[in-house]
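This is the structure alone, sequence omitted:
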């Protein structure tokens, strides 16, 4: 759920009370909009400071903080975060605590989010994590909170953010409550949720099976990583030396019980597998017969439970991003191949592109290194979190990409009407707790959270989707007292961990050993860490708390976590977690570079089993190709060359799909005019630049091709989004012209093949672009269709009046790139605009771009998709957007000399005299 829809009920009131004030009364509007803008210059006295602090901002408002102690650095970081981004921080803490209704008032969408997040217990887990942190880390979180509170305690709500003025027209807003250290830790749960791995694929397989009725056919929609085409992060020649020992320690894909997939294609095997399929999916002897697996997950209570779980989980607000395009590029090159002789590191996390941007650029510098002051780091932070998440210190640079490890399992549970559930033939009492949700302007709502040994039940949390009371159970089959099926969420992030310690450890890391030590505590979200040092080392480290799953030889579907699992059978329980020492790592690979872009980590069959659902690796392989080409040509890479690689816009779809398209006779000169664009596009190298007519037409064809091929076969939740997985699928189908997927099941007495579907896709795309842009293909430009518009997480959505949306949402900007391209400005091919037309707007993309030069840190560059400020009235709200959209970057000063040379404003924070 995007947080943008939480104000639908209040739209009319907001329109009457706010739009009139801000639009008609221009003078009042200016005052209200500018009222929250903070002072970035001058002097301020802060009670908790131990010494003087300087905050030096450049012309884009980016702060570099100088203090004499670590505690004062964090206090000042909390202060500047609150100056520029407090509403964003407040919104996030309300979401992560399941208290959104307290902020926005009575609203079904907000209440649903609160109920589900209370069910997860994010806040409770964060409170438990607080006790696990070191004393030093707790002191830093406390200092950060003191800094936040020092700012907010001096200001009314309307002075902290324009959002409070708008929300105040429909809710009663008391003075904002103080920031607590646990508010920061709770944000780690939101990060872990949005970057959780194969959650969608696991439920997607089950949903596809319910419709298709065949395990093997459902698995065709979730292909394995193409090791024969694309290279894992740790290349074969750089495998860990102790691979044999590692394989023995954990289960690998070959040992995870995939016999059902192999046999589902034969009638005999399908019949034989029916009973065991039932056990794996919750049907057992209750609601399935030899008709097959579809009966278990389709019309059964178990199938309804899984569908209900999906609906409930969709209520969680999206904070970092979701779906196609969520990922990152990160690559590092050794000094052997650079102009400076020292490493270069690049990173561009692909996340939601909100207004303001998720990232907050900052520098944290000790005026003098000492036992009390140990930070000299700069990079990208999250407002609400102390420290730097991605960046560099004076010795080491690091970047992050999503590991995509499978850290969630959906466990089907068999419930009974006496408040118990089944475990290995015995009934075990369910655990319950009550949660009271306060609703601004209305009565509190009380909800009950029910859990099993695996985790909270996520199927009985929303009244309209509860299954334990409403799901039908076939007569005569269930045991006495059987009341239905539910789904429990087993997720590593619901176990307290020490990621809060790991962030500070990475900020201070100086070498590979420090990164490995920090990675041991970086449990969730699981990330790929790519790093480089000023001493010339480059490396990769995979952290994360990764569950080990046992082999289940008679499982009808893979028991590796890629499918929902039967909670009543303890053979499917997690057997522990991968030892941190066994997690993949590489230092100074022979080829002189590392490319980590969400692809498989290790060569097939090597290392611990992490997931069945890696990104297919098209971006990673393109980066590898560009690096190998440059190195092979003897080019010495520099910062500009690294940035150019991040901006590469060559489509991986064109080379695969175009030969088949161009072999089809469209039998229509009108359409042939458009097809001519594809020939030229191919000759140009398949660019997706903003002025490319070929890219515009191809992407329209691609969306129609997927729609014509799959929409008639799949449930609405599984229609193609057009990303890399679908390119893998289409690649296989193009070699099989009569594959059943090509047939349009909606046509009578007609069986379509590949060429007919390709022809229809080209015809429809021609018609669509003629209607939406121009009859003349020369007028088609990819940038006219593919635009980026940052969206405010609360006041930027469809439920808010247009004048208010325009106030918080910046104007759209044309961008190059697309899905699964290195310049990954992704879009959803199934998306539709308000008029029902295909929508090519960016749904996720490079939230920032950085290149770090380890030879001269002041030569590094950075940029974000919006700006430092979260205030719409600030010049820094979107002052980086144009540079980001056009591929430009800004200098990234690090040394005190460079920072002072770029200074535009200085704020001095002083302790009381």
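Done, it's in. If you're wondering where the values come from, they're calculated on a predicted model, not measured in any experiment. Numbers count the residues shown, from 1 in each chain.

hmm, who's touching the helix or strand encompassing residue 849?
Taking DSSP states H and E as the definition, residue 849 sits inside strand 848-853. Outside strand 848-853, the residues that touch it by Cβ atoms under 8 Å, 6 or more residues apart in numbering are 340, 342, 344-349, 357, 359, 379-380, 390-392, 397, 399, 532, 638-639, 642-643, 646, 859-865, 884, 889, 892. In short, each C-beta sits where N, CA and C put it, glycine included.

That strand: what's the following helix or strand?
strand 861-864.

Parallel or antiparallel, which strands does that next one pair with?
strand 848-853 (antiparallel), strand 890-891 (antiparallel) (DSSP bridges).

That strand: how far from the chain's middle?
20 Å (Cα atoms, centre = their mean, to the nearest Å).

ditto for stretch 195-212
17 Å.

same check, this time on stretch 872-881
Counting by Cα atoms, centre = their mean, stretch 872-881 comes out at 24 Å from the chain centroid.

From the contacts of strand 848-853, keep the buried residues only.
340, 342, 344-349, 357, 359, 379-380, 390-392, 397, 399, 532, 638-639, 642-643, 646, 859-865, 884, 889, 892 (16 or more other Cβ atoms under 10 Å).

Next step: those restricted to helices.
639, 642, 643, 646, 884 (DSSP state H).

tell me the contacts of the third one?
What that stands for is residue 643. 346, 849, 851, 861, 887, 889.

give me phi/psi at the last one?
Pointing back at residue 889 there. phi -140, psi 170 (degrees, to the nearest 10).

which residue sits closest to it, ignoring its sequence neighbours?
residue 861 (3.8 Å; Cβ to Cβ, 6 or more residues apart in numbering).

one step back: out of the contacts of residue 643, which comes closest to residue 761?
residue 887 (30.8 Å; Cβ to Cβ).

Against residue 371, how distant is that closest one?
44 Å (Cβ to Cβ, to the nearest Å).

Which one of these two is surrounded by more residues?
residue 887 (17 against 7; other Cβ atoms under 10 Å).

Contacts only, for that one.
Contacts of residue 887 (Cβ under 8 Å, 6+ apart): 643, 647, 816, 823.

Dump those into TSV; add pLDDT as well.
Listed next are these as TSV, based on pLDDT from 0 to 100:
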residue	pLDDT
643	99
647	99
816	99
823	99
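
Looking at these, which two lie furthest apart in space?
643 and 816 (13.8 Å).

For residue 112, which three-state class applies?
helix (DSSP: H, G, I helix; E, B strand; the rest coil).

Okay, now the unreliable bits of the protein?
Low-confidence segments of the chain (pLDDT under 70): 1-29, 169-174, 237, 239-300, 463-480.

Select the longest helix from it.
Per DSSP H, the chain has its longest helix at helix 70-96.

Next secondary structure element downstream of it?
helix 100-104.

which strands and helices sit next to that following helix?
Contacts defined by 3 or more Cβ pairs under 8 Å, 6 or more residues apart in numbering; DSSP states H and E place helix 100-104 against helix 70-96, helix 108-120.

winner for burial among those?
When the helices and strands packed on helix 100-104 are scored by mean count of other Cβ atoms under 10 Å, the highest mean neighbour count falls to helix 70-96 (a mean of 26).

That one: how far from the chain's middle?
The chain centroid and the centroid of helix 70-96 are separated by 22 Å, computed with Cα atoms, centre = their mean.

Then stretch 66-77?
Centre to centre, stretch against its chain (Cα atoms, centre = their mean), the figure for stretch 66-77 is 31 Å.

what does it contact?
46, 48-56, 65, 139-141, 143-144, 146-147, 150, 362, 364-368, 372-375, 381, 386-387, 896, 909.

from those, which would you call buried?
46, 48-49, 53-56, 65, 140-141, 143-144, 146-147, 150, 362, 364-367, 373-375, 381, 386-387, 909.
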